[in-house]
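S.K.: I need the structure of the sequence given here:
(one chain, ligands or ions: 2)
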Amino acid sequence: MRSCDDPFIRTLASLATDRREFLRRFALFGVAAIGGRPFPRTRLLRRFSDNPFTLGVASGDPLHDGVVLWTRLAVDPLAAGGGLPPESVRVAWEIAHDERFTRIARRGEVTARPASAHALHVEVDGLEPDRVYWYRFHAGGEVSVIGRTRTAPSADVPLDEFAFAFASCQNYEQGFFTALRHLSEEDIRLVVHLGDYIYENGAAEGRPRRHPPNEIRTLEDYRHRHALYRLDGDLQAAHAAAPWIVTWDDHEVDNNYAADRDERDTPRDEFLLRRAASYQAYREHLPLRNAATPRGPDLRLYRRFRFGPLLEINVLDGRQYRTDQPCGDGRQRRCEAAYDERATMLGATQEQWLLDGLAASTRRWNMLANQVPLAQIDNEPGDPASFSMDRWDGYVAARRRLLGFLGQQAARAPHNPVVITGDIHSNWVGELRTDFDDVRSPVVGVEFIGTSLSSGGDGSDMSDFGNRALAANPHLRFFNNQRGYVRCVVSPRHWRADYRVLDYVSRPGSPVATRASFVIENGRPGVTSV
Ligand code: FE
Ligand code: CA
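M.R.: Ligands and ions are numbered 1, 2, ... in the order given. As a prediction, the model looks like this:
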C-alpha cells in the first residue's frame, strides 16, 4: 500500500494545495496524450510518475459485434475517492487485433467522473464476431495493463466447441485467489461468475488475510471493499484474460438478504439505502453494460447471451425479487411456507422472461447461470431440519414451475437445459427431476454446482455433510469440498464439465488438478462420470 513517503503521494499532496491546477494539468495531459498522435507521450510519464490504473482492466458481456471494456482510475484505491480529486478526467481507450496494438480496431475517449468513482464502462461495437482482441486505456500520460477479450460467435455460423469456466465465492480473508490465477491460464473464451464477488462481513481472527474490521454499509465502504479485492493480482489476471459475465448472490450486499429485507429486520427504507449503495459500487467495479446502471435501489441484472447456434446463457438474479426465506433464514426447519404457491425466487417478471426465452430458444444447449442450488439437498432424510431455506429448497412451488417447464413434452421445451450454480462452497453434480422425492420421476436437466474460489479455506475432498447428502439424495452424483472452479467444454454432441480443485488456499501457490469430469450427451437428460 502507498504511504505518505511515496514520492507520488507527496507530489499529489503538494499539487492538492492547488487542486484546480492539478486538475488542469491532469486533464490537459490526458487530452494532449490522445490528440491524434500515437500515445502515450513518454515525456509526460515522468511528471505523473504513478499509474492511476491500479485496479487493472476488465471486459464483459460479449456480443457478436462488441464487448464492454472496464477500468477505474485510482492512484490510491483504498483512500477516499481513490486518491483522486473530485473532478472529471478524460480517458482514451483502444482495442486492437494484436497485442502490440499495430492494428487498431476501434478507439475513443470517455470521461471518468467522480460520481461513479472514476469507473469506466465503454460499450464497444463494430467488432467482428468470434475474434480475440486486445485493449488498454490511457490517461494523464499513463497507460493501463493490456487486457485480452473475445467477441461472441455469430448466431448462424456453426461452432465446433465453446470452452468457458464458472466460479463463485471469493472471500478475501478466507484464502488466496490462486484459483483465479489458474483460471486465467485456461484455454477458455469466457468466465461466468455466479456471485459472492465480495463479502460484506467484518474482519475475523486467524484468517490468512485481513481487511478492515467493520461490516460494510455505506457507498464508501462498498467501494473500499471492491477496491481491496481488485488490488489482488490473481483477480486482476483473471479479468484481463477473458470477458466475464457476472451475476451476484447475497454477500455483494448482505448475508441472506431477500429483496428489501435483511436478516435483522432493518426498516425497509434503511435497508434499501444500503442496497442502493452496494448495487452502485457493484456496477462501478464490474464490466456491465449501461443497461445495468442502477436506479436508486434497483438494478436490472438478469439478461441473456448467445454463443453461435450452440449455447444460450440466461443470467439470473435470485436476490433482488425473491420473497423472504420461509421459516426464517439459513438452515431452518422444513415448514409449510416452503411450499407456498406465492413464494418466488425470481419474481413474476423475471420468471416469465426466463420461461419465454427458454421456449423461444433454438440453441443446442440452454444454460441458467443461477445463484443458489436448484436441486433438493436433503442431508438427513426424515429430519425436518436438513433443508436450507435460502436455497430453492425454500421455494418449492417456484422450483416445481421451472422444472415442470423444462420437463414438458411440448415443442416449447428447451433443448438440453443445464444449470450452473455457486453459493454453497462445495462441488456437486446433480440430476434435476420433476419430483426429487420420486426416483421414478423424469430427469429433465443437469445441475453443476461449483465450489468457492476461496470461501471456507483449504477444505477437504469429503465432508460429513457431503457424505450424508450423497447417501440421502439419489439424484446427487458427486461431492467434493475443495476450492477451485469448473471448466466446461461445450460441443454439438457433448457438454463436459471438469472440476478443477486446489490443494490449499491458506497460502499462495497451490497447484490445480482436475478432480473429476462429467459429460452430458446431446438429447439425453442425465450425466455420466468420465
Ligand atoms: Fe459464498
Ligand atoms: Ca451466497
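S.K.: going forward, measure contacts between C-alpha atoms and count neighbours the same way
M.R.: Noted.
S.K.: element containing the residue lying closest to Y229 once chain neighbours are set aside, please.
M.R.: Once flanking residues are discounted, Y229 sits nearest to Y172: 6.7 Å by Cα to Cα, 6 or more residues apart in numbering. Y172 is part of no helix or strand when elements are defined by DSSP states H and E.
S.K.: let's number from 7 now, not from 1
M.R.: In the new count, where the first residue is 7, that last one comes out as Y178.
S.K.: What residues does G132 make contact with?
M.R.: Each residue near G132 by Cα atoms under 8 Å, 6 or more residues apart in numbering is listed here: D71, G72.
S.K.: did I read that right, it in a helix?
M.R.: No: assessed with DSSP: H, G, I helix; E, B strand; the rest coil, G132 is coil; it does not lie in a helix.
S.K.: Single out the residue in the stretch 207-356 of the chain that lies closest to ligand 1.
M.R.: Residue of the stretch 207-356 of the chain nearest ligand 1, by Cα to the ion: H257 (7.0 Å).
S.K.: pretty sure that residue is touching D202, no?
M.R.: Yes: counting by Cα atoms under 8 Å, D202 is a contact partner of H257 at 5.1 Å.
S.K.: Between these two, which has more neighbouring residues?
M.R.: Using other Cα atoms under 10 Å, the more surrounded residue of H257 and D202 is D202, with 27 against 20.
S.K.: who touches that one in this structure?
M.R.: Taking Cα under 8 Å, 6+ apart as the test, what D202 contacts is S174, C175, Q176, N177, W254, D255, D256, H257, E258, D429.
S.K.: and those as CSV, adding secondary structure, pLDDT and distance to V73?
M.R.: Output for the contacts of D202, formatted as CSV (DSSP: H, G, I helix; E, B strand; the rest coil; pLDDT from 0 to 100; distance: Cα to Cα, whole Å):
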residue, secondary structure, pLDDT, distance to V73
S174, coil, 98, 22
C175, coil, 98, 25
Q176, coil, 98, 24
N177, coil, 98, 28
W254, coil, 98, 20
D255, coil, 98, 23
D256, coil, 98, 26
H257, coil, 98, 27
E258, coil, 98, 24
D429, coil, 97, 27
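S.K.: Now rank the residues you listed by neighbours and give me the top one.
M.R.: Using other Cα under 10 Å as the neighbour test, the contacts of D202 are led by S174, with 32 neighbours.
S.K.: Provide the partner residues of S523 in its beta bridges.
M.R.: Judged by DSSP bridges, the bridge partners of S523 are D504.
S.K.: What segments of the chain are helices?
M.R.: Taking DSSP state H, the helices of the chain run over residues 13-22, 25-40, 48-51, 184-190, 225-236, 239-247, 274-291, 354-366, 402-413, 470-478.
S.K.: Could you say which one of these comes nearest to D504?
M.R.: Smallest distance to D504 across these (Cα to Cα): 12.2 Å, for helix 184-190.
S.K.: Name the surrounding residues that touch that closest one.
M.R.: 171, 240-241, 243-248, 459-460, 489-491, 507-508, 511, 514-516, 518.
S.K.: Any of the residues you listed buried? List them.
M.R.: 171, 240-241, 243-248, 459-460, 489-491, 507-508, 511, 515-516, 518 (16 or more other Cα atoms under 10 Å).
S.K.: In contact with the residue nearest to Y235, which residues?
M.R.: Y178 sits in contact with I204, Y205, R215, R216, H217, Y235, S460, S461, where contact means Cα under 8 Å, 6+ apart.
S.K.: Now rank those residues by neighbours and give me the top one.
M.R.: S460 (29 neighbours).
S.K.: so who does the residue in the stretch 407-536 of the chain positioned nearest to ligand 1 touch?
M.R.: In the stretch 407-536 of the chain, the residue that lies nearest ligand 1 is D429 (4.8 Å; Cα to the ion). With contact set as Cα under 8 Å, 6+ apart, D429 has these partners: S174, C175, L200, G201, D202, D255, Q377, V378, P379, T457, S458.
S.K.: show me the contacts for the nearest residue to the fifth one once chain neighbours are set aside.
M.R.: Closest residue in space to D202, ignoring its immediate chain neighbours: C175 at 4.5 Å, by Cα to Cα, 6+ apart. With contacts defined as Cα under 8 Å, 6+ apart, the neighbours of C175 are 200-204, 428-429, 431, 457-461.
S.K.: still on that earlier bit, pick out the shakiest of the helices of the chain, pLDDT-wise.
M.R.: The minimum mean pLDDT among the helices of the chain belongs to helix 48-51 (a mean of 31).
S.K.: What residues are bridge-paired with the residue nearest to I251 when sequence neighbours are not counted?
M.R.: Counting by Cα to Cα, 6+ apart, the nearest residue to I251 once its immediate chain neighbours are dropped is V198, at 4.8 Å. Taking DSSP bridges as the rule, V198 bridges to F172, I251.
S.K.: Could I get the contacting residues of V198?
M.R.: V198 touches F170, A171, F172, A173, W250, I251, V252, A375, counting by Cα under 8 Å, 6+ apart.
S.K.: Go again with 7 Å.
M.R.: Residues near V198 by Cα atoms under 7 Å, 6 or more residues apart in numbering: A171, F172, A173, W250, I251, V252.
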